[in-house]
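Enquirer: have a look; sequence and predicted model below, questions after that.
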Amino acid sequence: MKNLIIVKPSALAKKVLGLIIQRIEEKNAIIVSIKTSLFDIHSIEKKLIEEQEEKNKKELINAKKIPCVLIIIQGSDAINFGQNLKKEFNDYIHVSLNEETAKYEINRFFEKNEIFENEKNDGNYFLKKIDRKEILSKSIKEITREFNK
């Protein structure tokens, strides 16, 4: 089962993208695709029409310039996981409500060749020479140097 998570431009503006990805990784959800895209223009245009205050219209127009991040996760509990993530991050993300909606939304935003069928992988191939617990205390340069020994 898959679910779509859209990290909205407001999350990027508030710099919470890393925290959202961290939550996904902490729960061992499998990311099968991730990309950036400009926010759905139709949603913004609809809000512009509805918006009465000129100040808010300018803010919405500027929002068109900030991308959103689209993430597909996979797992037997992907829908429930998405709903729990939504509770935590509320207006910063959109998640598909159910499996049917997830299929529709994923097909709307992703080409088939952008989605990878990943099995759960603990990364051992890439981390053979590195103790996983030490990774957090090392820089990328240190990890790369050790890996390439």
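Expert: Noted; the coordinates are in hand.

Enquirer: tell me where the model's unsure across the chain.
Expert: 39-64, 118-136, 143, 146-149 (pLDDT under 70).

Enquirer: let's see it at 80
Expert: Residues of the chain meeting the criterion pLDDT under 80: 38-66, 117-149.

Enquirer: what's the domain layout of it?
Expert: 2-118, 122-149 (automatic domain parsing).

Enquirer: in a strand, Ile70, correct?
Expert: One thing to correct before we go on: residue 70 is Leu, not Ile. Yes: Leu70 sits within a strand when classified using DSSP: H, G, I helix; E, B strand; the rest coil.

Enquirer: from what I see, it and Ser37 are in contact.
Expert: Yes: judged on C-beta atoms under 8 Å, Leu70 makes contact with Ser37 at a distance of 5.7 Å. Yep, even glycine has a C-beta here, placed from its N, CA and C like the rest.

Enquirer: give me the more crowded residue out of those two.
Expert: Leu70 (21 against 12; other C-beta atoms under 10 Å).

Enquirer: that concludes my questions; thank you for your assistance.
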